[in-house]
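**Q** Okay, structure incoming, though there's no sequence with it:
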């Protein structure tokens with residue numbers, strides 16, 4: 001690792017470009033912070049992304065749209081993929097245990113936590129469950145004669161975190177240095193969810209309970225909740241060339257085409273609970289209390305993610321006879337019936353937010369902003385991609401407001417239509 005404080009991020013996902021630690025941007029970072037990315041998924045695409053970023057000195061281009069602002073992002077000090085070799089896995093665990101690592105953030109998607117979205121418990125039900133395989137590896141390494149090498153290949157974020165935290169707690173390795181585990185994925189009360197999963201794995205690995213007791217103390221390991229709001233669809237074929245053209249036009253000089261570009265909308269919002277065991281990463285992030293972050297989180301998950309998920313199924317049905325296939329979000333929103341559905345869905349959901357985090361006017365303005373964002377052809381996503389992992393998304397984004405409306409006797413016609421769309425699709 002480079003000198004200074006570290007933020008270890010599994011998975012390193014340029015699709016989430018609001019990374020605060022950018023040494024090339026002193027107004028948005030503390031130069032003493034660096035970021036080390038970690039890959040967990042054993043896929044050719046991810047391994048190739050790591051190789052591409054390494055060839056670019058870990059710098060990638062961020063193209064914000066529709067403004068066309070081009071920003072070279074140099075936040076990554078390095079990348080390590082845990083599935084390449086046992087030695088690479090050992091390096092990652094050493095970084096987790098290193099007292100210089102102050103924050104471990106995770107962007108692994110909802111399904112990457114391998115949990116039951118209803119109970120919030122670890123899903124250890126199947127022999128093919130990655131967390132179950134990780135549990136067996138962790139138990140084996142903890143036995144007399146076991147070693148860190150016996151853990152290879154760890155497959156899950158939770159398994160990797162527990163292995164690293166056990167090393168961090170050890171007086172001769174990490175010395176019990178405090179650390180923050182910052183979940184940035186779209187899970188209601190994401191920090192609480194991650195804490196529960198980590199503690200459950202600790203209990204399974206260490207029957208003595210010592211590891212769990214150490215992790216459960218907030219002064220040792222904190223789990224702040226967070227809300228990240230920015231639409232960042234997969235890069236298009238011309239994103240790299242557009243980034244270079246925008247950068248050169250803005251005085252960026254003679255740049256080579258970026259082979260790992262990221263595109264995202266101009267709008268971005270990052271709200272994080274002020275609960276850091278080892279120091280806050282960046283003054284540009286808005287730090288708030290738990291109740292406030294959960295209020296922002298509910299607004300974003302229910303209105304943005306819930307609307308996105310719902311329109312994915314409704315528009316798939318509306319365009320099922322279209323020769324061009326499933327549409328993009330902006331094309332779907334241009335359809336008067338889909339537009340009416342989304343507007344009606346937001347009207348139904350809004351009362352469950354109890355005025356939102358900043359009052360009724362701000363809540364109404366956020367809904368209007370979402371309609372504009374969904375219609376932004378520059379960053380539009382395919383509805384077929386939004387429909388992926390629909391069972392988890394429905395439980396996390398659509399079901400909560402639907403339950404609130406039904407049990408509150410308020411009715412929710414649009415939410416019921418969304419559920420019907422899933423069944424019909």
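**A** Yep, it's here. Model, not experiment: these values are computed from the prediction. Residues are numbered from 1 along each chain as shown.
**Q** Count the neighbours of residue 155 for me.
**A** By other CB atoms under 10 Å, 20 other residues sit near residue 155. Using the backbone N, CA and C atoms, a C-beta is placed for each residue, glycine as well.
**Q** What's opposite residue 382 in the beta bridge?
**A** In this entry, residue 382 is beta-bridged to residue 328, by DSSP bridges.
**Q** and it, what does it touch?
**A** Each residue near residue 382 by CB atoms under 8 Å, 6 or more residues apart in numbering is listed here: 233, 326, 327, 328, 329.
**Q** which of those residues has the most neighbours?
**A** Of these, with other CB under 10 Å as the count, residue 329 tops at 28 neighbours.
**Q** That one against residue 307, yeah?
**A** No. Taking CB atoms under 8 Å as the definition, residue 329 is not a contact partner of residue 307, at 9.8 Å.
**Q** which residues do those two both contact?
**A** residue 374.
**Q** circling back: would you mind giving the contacts of residue 382 as CSV with pLDDT added?
**A** CSV is the format used below for the contacts of residue 382 (pLDDT from 0 to 100):
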residue, pLDDT
233, 88
326, 76
327, 89
328, 92
329, 94
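**Q** Going by distance to residue 395, which of the residues you listed wins?
**A** Closest approach between the contacts of residue 382 and residue 395, by CB to CB: residue 329, at 21.5 Å.
**Q** can you pull the contacts of that closest one?
**A** 308, 311, 374, 380, 381, 382, 383, 386.
**Q** let's see 7 Å
**A** 374, 380, 381, 383 (CB atoms under 7 Å, 6 or more residues apart in numbering).
**Q** pLDDT at the residue lying closest to it once chain neighbours are set aside, what is it?
**A** Spatially, and ignoring its direct neighbours in sequence, residue 329 is nearest to residue 380 (4.8 Å; CB to CB, 6 or more residues apart in numbering). On pLDDT, residue 380 comes in at 83.
**Q** Tell me the backbone dihedrals of residue 380, please.
**A** With angles defined as degrees, to the nearest 10, residue 380 sits at phi -70, psi 140.
**Q** where in the stretch 251-400 of the chain is pLDDT low?
**A** Scanning the stretch 251-400 of the chain for pLDDT under 70 picks out 251-256, 281-284.
**Q** rerun at 90
**A** By pLDDT under 90, the low-scoring segments of the stretch 251-400 of the chain are 251-258, 278-288, 313-314, 316-327, 379-396, 398-400.
**Q** Show me the strands in it, by range?
**A** For the stretch 251-400 of the chain, the strands defined by DSSP state E, counting those that start in this stretch occupy 262-265, 269-273, 286-288.
**Q** Can you list the neighbours in contact with the second one?
**A** The one in question is strand 269-273. 18, 191, 224-229, 285-290, 293, 296.
**Q** List the buried residues in it.
**A** 270, 271, 272, 273 (16 or more other CB atoms under 10 Å).
**Q** The first one and residue 60, how far apart?
**A** What it means is residue 270. 19 Å (CB to CB, to the nearest Å).
**Q** can I get the strands of the stretch 251-400 of the chain in CSV with distance to residue 217?
**A** Formatted as CSV, the strands of the stretch 251-400 of the chain follow (distance: least, CB to CB, whole Å):
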stretch, distance to residue 217
strand 262-265, 37
strand 269-273, 17
strand 286-288, 21
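**Q** wait, which of those strands is closest to residue 122?
**A** That would be strand 269-273 among those, by CB to CB, at 22.7 Å.
**Q** Given that closest one, what are its sheet partners and their directions?
**A** Strand 269-273 has these strand partners (DSSP bridges): strand 226-229 (antiparallel), strand 286-288 (parallel).
**Q** Tally up the residues packed near the residue nearest to residue 329, please.
**A** 22.
**Q** what's it in contact with, if anything?
**A** Residue 380 makes contact with 233, 328, 329, 330, according to CB under 7 Å, 6+ apart.
**Q** if we go to 6 Å?
**A** By CB atoms under 6 Å, 6 or more residues apart in numbering, residue 380 lies in contact with 328, 329, 330.
**Q** Closest one to residue 131 out of these, please.
**A** Using CB to CB, the contacts of residue 380 come closest to residue 131 at residue 329, 32.7 Å.
**Q** for the record, mean pLDDT for stretch 190-207?
**A** 96.
**Q** Noted, bye for now.
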